[in-house]
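Student: Provided below are the primary sequence and the corresponding predicted coordinates.
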Amino acid sequence: MRTLVRRLPTIRALVLCAAALATAASVGACRREERRFRESPPSATPSGVRVSALQPGTPMDTTHVRNPYENNAYAQSEGQRLYGWYNCAGCHANGGGGMGPPLMDDEWIYGSSPENIYATIIQGRPNGMPSFAGKIPTPQVWQLVTYVRSLSAQNSTGARSSRTEHMMMYPGSNSLQDPETPKNSFRPPASEMP
Amino acid sequence: MLQDGLRGALNQSVLEPAGPQAARAARLWWFAFIVATIVYLLTMGALWWAAHRARQRERRGEVAVGPESELRMTRGVTYATAATIVILLVFLVTDLSVGRTLSPVPSKHPLTIELTGHQWWWEASYADTSPHGRFTTANEIHVPVGQPVLFVLQAQDVIHSFWVPNLAGKKDLIPGYRQSMWFQADTAGLYRGQCAEFCGLQHAKMALHVVAEPASQYRQWVSQQRESAATPPDSVASRGREVFLTGQCAMCHSIEGTSAGSHAGPDLTHLASRRTIAAGTLPNTRGALAGWIVDPQRIKPGVRMPPNMLKPQDLDALLTYLQSLK
Amino acid sequence: MSETIAPTAAAVPLGPDDADIAELTRTYRSDANGLWAWVTSVDHKSIGKRYVATCFAWFLLAGINAVIMRMQLARPENHIVGPDRYNQLFTVHGTAMMFLFAVPVMTAMALYLVPLMVGTRDVAYPRLNAFGYWVFLIGGLFLFTGLYTNTGPDTGWFAYTPLSGPEYAPGKRVDVWAQVVTFTEIAGLVAAVEMIVTIFKMRAPGMSLNRIPLYVWSILVVSFMIVFAMPSVAMASTMMLAMDRLVATHFFNRAEGGDPLLWQHLFWFFGHPEVYIMFIPGLGFVSAIVETFTGRRIFAYPVMVLSLFITGFVAFGLWVHHMFTTPVPQLGRTLFTAASVLIAIPTGTQIFCWIATIWAGRPRYTTAMLFALGFIVVFTIGGLTGVMIASVPFDLQVHDTYFVVAHFHYVILGGVLFPLFGACYLYFPKITGRLMSETLGKWHFWLVFIGVNVTFFPMHQLGLDGMPRRVYTYLPEMGWGKLNLIATVGAVIIVSGVAVFLWNVLASARAGAIAGANPWGAPGLEWATSSPPPPWNFHPVPVVEGRAPLWEAGEELPVATGLATDKREIVITTALDAIPDSRHEHPGPSHWPLVMAIAIGVTFIGAVWTPWAYVIGFAMSGVAFAGWGWPRGTHPEDQVTDGILPRAEAR
């Protein structure tokens, strides 16, 4: 017991250190590790999203809607699953692009911020991107947004999973790319550029 | 809640076998149990006796045992060890012989079912020589009584394990592997099975039912399952089909005979013919179905089915349509 | 001081020689106090104590997890925790109990006891010992920090791929698990190496192999098992799982030529021997307790030792019985079934030998002895159900059900916790100098004994009723509610028993009856020195003439004089016959082990977030290596005086 009393400062110091460490860790871990299953979708959905720098008249004030899942690991992996389930890969391949534009570069026709991507998925875009309004529930759209942004490393890499259990899912995986669809091959015609 | 539609189906006991596989395992258990009980009682008896004798000697004021007792001790330990070895060998031989008799499928052309594990439901495809004879269902497997059924097991995502305790032991469904197992149901009835390999958030609620029925009834069921979905009988159901096809449902589910063809979620072609929904979690009633469609995450947190915000009349129509899918 | 070790023919009592003691006190700086002395200490007793205390802290935290789980399962469709939280709770419970409690607490007890039992002054490599502890501490802190920040691993303590792979386990949760395993494996390997060298090369003169206490034999066997088993999981978790997750390798990706079953083989190649690594030291404790409290040497010593060795060997040949539901060919099943059944034989023989010893001796039913008897009663049930589930047809029915949960809790609580509690009562007076309360001890024993049976016996039936493991809830219609409620009540009883134990420890440490050097009249060398032992353990060094030195020597233990008191000197003896061979100087206090542990910690924890951690970690480890190995002119460490010493028989 005497030794215990003598060690008290030591123990207190250790406890303090642990507490500081835990606080620091929880701040970072909170957003990344949370798993929210019963989510009512954010009330504000982006409506007046600007997709181009050019615009007539006085500058329009757009609403900025924060992606509720940005940097959340679970949402990102859900988005990854839905990307396959909803056949996004059918046009965009695994991010490298095919019939649709690639998603893992930084050239975004209609903007790469979360609300832009949200609007693109919900509204659809010319030349093939269908509108998913009413087809995908809002929380899942945000999960897809999170995943799509992770393809081009626009959100925290800490939340991203390194690979899937399939072939060729990630740039830099050792598998051969399909030679018919080299990366970044897609350029929309100049007339369609905003 | 489940009990009404499923009387008798909630018995998931290893010791109430309904087929040869489970029966052999249950017999093996009783054999092992009796032998183990005897061995345990003998060991504990020896321990008690040793303590008792030691105390007796102490009470009589004797000092520790003399060297002549070493021989008795040696003999005692040797006999006990020899008995252990004999018992274990008998057990081993019994066990291996049971294992060997159970391994091969006792039929050349058994009914074959391809079972695929998903997080967190079961997809069952009935094999057939003609493509028209094939059909897919989910979470409820019908088998004819008295016939061996071969299962080809595979997994779509993570490892699951197929286990219907009343019928047979379990076998894992491993992504990238195709394993097989067989069982046979000797008595008609409804048997419950549950995933037995930890597979994530809803491992606890990943169940399935096996319906063992007489051959004639089974054939009837098969021919019904091979049909495409029934056309909606009335305007409400037609409206429901429209809700299904234009809304979120068709993004994941398929219904034969309609344009819904996604295989991400369970096939719903004959949903109304099934006894349960949500992988054996809820009875297939209108109320449960409504609750499940609107807020599945309350019933199975983490499940892949998203909540569906439907207008009341849309939900009503959808339910009518789904319940018409006999 | 004389320059040679000359075992004196005449027996010299281990009495205080004031000048020597004063010099030893200076040499060992035993009067040093405060944080710095504590941090830099390399004394195996100081490290052993904090190691044991740390293990018990993890035990309590993991036990709290178990209680929450039992509360959740007490009735069907309960909503105390959801599946997400529940999965973290049971994973951390299993991981902590296996990696942070059951194995390391046995190692920790050995680190304290083995040098005393073999009559030397410290473990081999004292600084490595300190390093092992710090690494272990960092690992445990990391795991529980993870749990309490919602980053607790949630894929089971076995972390089967692909569920634990990058696609199905998002976030950093499983990375935490993989790195914690690495930390504990480093600590375990380090301790194993120390134990092997200590036992082979540092035994007291005269303690030839056939005179080693059974507990020390068990630690030797376990240490070798650790050396062979742990690299398997360390490689699997650190290299393969962590790399799959962090840098997208494909070891376990079937689509790219990897194999999820490879993980299971590597994991269970470690995981099954792990079970024996946990309870073989328990067998050693039972031998020590039975020997002490029957006042008689354990019957059939060579058989006991051989049984330990056979268990250690066969333990490596049955890992596949965890995988009978995966594709295993018929012949393989037969082999692994046979091995699983046959491993029951050596353990059975040991139980028979203990019973024979009790029969022939004069048992005193102290708390420690009750725990040893409780071990036989509880563990035998676990052993028998273990034989049952070695059978493939029956295992396929109960694999991954509560039957297995019941089985291994009987084995682990019976084989690890009971002997450990018994050992606490036996060695507490040696460690603190005070006896533990026997009244509280009896309460403790009966509460834990009843609690264990009430908790885990109904689980056999639950398993046979078809309840799978690792479920966060079950449907009310399944009829599992009643037995689950009983199990939960049992868990509460266990908790109360453990609370009595903690109270007993704290109260007895403060105000227990003063114990002499040998309060139990035990035979081992550890009882030849004062309680608690001085930092140098023995002076002069005892000489052993039989298997039960204190019983044979009576009042006067023969000793060897000649060890320096102005240096931390130890005797190195030959591996087989323990003939004095050379003398060796041990290092003094050092903070470099801590620095090295922190470097390792930065590397492995940081690597979860950024590969730069390796760069920083390498640099830090380089500094720590340099500091650790820096030549210290005044203390040549390799002053081996081989050849000068008379190779005298220590008799």
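Tutor: Here it is on my side, so go on. Residues are numbered from 1 along each chain as shown, chains lettered A, B, ... in the order given.
Student: contacts only, for whichever residue of the stretch 201-326 of chain B sits closest to chain C.
Tutor: Proximity of the stretch 201-326 of chain B to chain C (CB to the nearest CB) peaks at B:A204, 3.5 Å away. Where you see a C-beta, it was placed from the backbone N, CA and C, and this is true even at glycine. By CB atoms under 8 Å, 6 or more residues apart in numbering or on different chains, the contact set of B:A204 is C:P83, C:P468, C:R470, C:V471, C:Y472, C:T473, C:Y474.
Student: so the spatially closest residue to it that is not a sequence neighbour is in which element?
Tutor: In space, and not counting its chain neighbours, B:A204 is closest to C:V471: 3.5 Å by CB to CB, 6 or more residues apart in numbering or on different chains. Using DSSP states H and E, C:V471 sits within no helix or strand.
Student: so for C:V471, what's the pLDDT?
Tutor: Looking at C:V471, its pLDDT reads 94.
Student: near chain A, which residues of chain B?
Tutor: Residues of chain B lying near chain A by CB under 8 Å from any CB of the partner chain: B:157, B:175, B:246-248, B:251-252, B:262, B:264, B:295, B:297-298, B:301-302, B:304, B:306-309.
Student: how many residues are close by whichever residue of the stretch 351-500 of chain C sits closest to chain B?
Tutor: Nearest to chain B in the stretch 351-500 of chain C, going by CB to the nearest CB, is C:L396, at a distance of 2.5 Å. By other CB atoms under 10 Å in any protein chain shown, the residues close to C:L396 number 24.
Student: try C:V247
Tutor: Neighbours around C:V247, by other CB under 10 Å: 12.
Student: which secondary structure state does the residue lying closest to it once chain neighbours are set aside sit in?
Tutor: Computed as CB to CB, 6+ apart, the closest residue to C:V247 that is not its neighbour in sequence is A:S162, at 6.5 Å. Three-state assignment for A:S162 (DSSP: H, G, I helix; E, B strand; the rest coil): coil.
Student: repeat for the one 3 residues further on
Tutor: The three-state assignment at A:E165 reads coil, by three-state DSSP.
Student: hmm, back to that, which two of the contacts of B:A204 have the greatest separation?
Tutor: Using CB to CB, those span at most 13.9 Å, a distance reached by C:P83 and C:P468.
Student: mutual contacts of the two, please.
Tutor: With CB under 8 Å, 6+ apart, C:P83 and C:P468 have common neighbours B:H203, B:A204.
Student: between the two, point out the one with more neighbours.
Tutor: C:P468 (28 against 23).
Student: any idea how far B:A196 is from the more buried one?
Tutor: 5 Å (CB to CB, to the nearest Å).
Student: spit out the residues that contact the two alike.
Tutor: With CB under 8 Å, 6+ apart as the test, C:P468 and B:A196 both reach B:W163, C:D400, C:T401.
Student: show me the contacts for the first one.
Tutor: Contacts here follow CB under 8 Å, 6+ apart; on that basis B:W163 touches B:G169, B:K170, B:K171, B:G193, B:Q194, B:C195, B:A196, C:P468.
Student: out of those residues, which is nearest to B:A127?
Tutor: B:K171 (17.5 Å).
Student: next, find the distance separating that closest one from chain A.
Tutor: Distance, B:K171 to chain A, using CB to the nearest CB, to the nearest Å: 21 Å.
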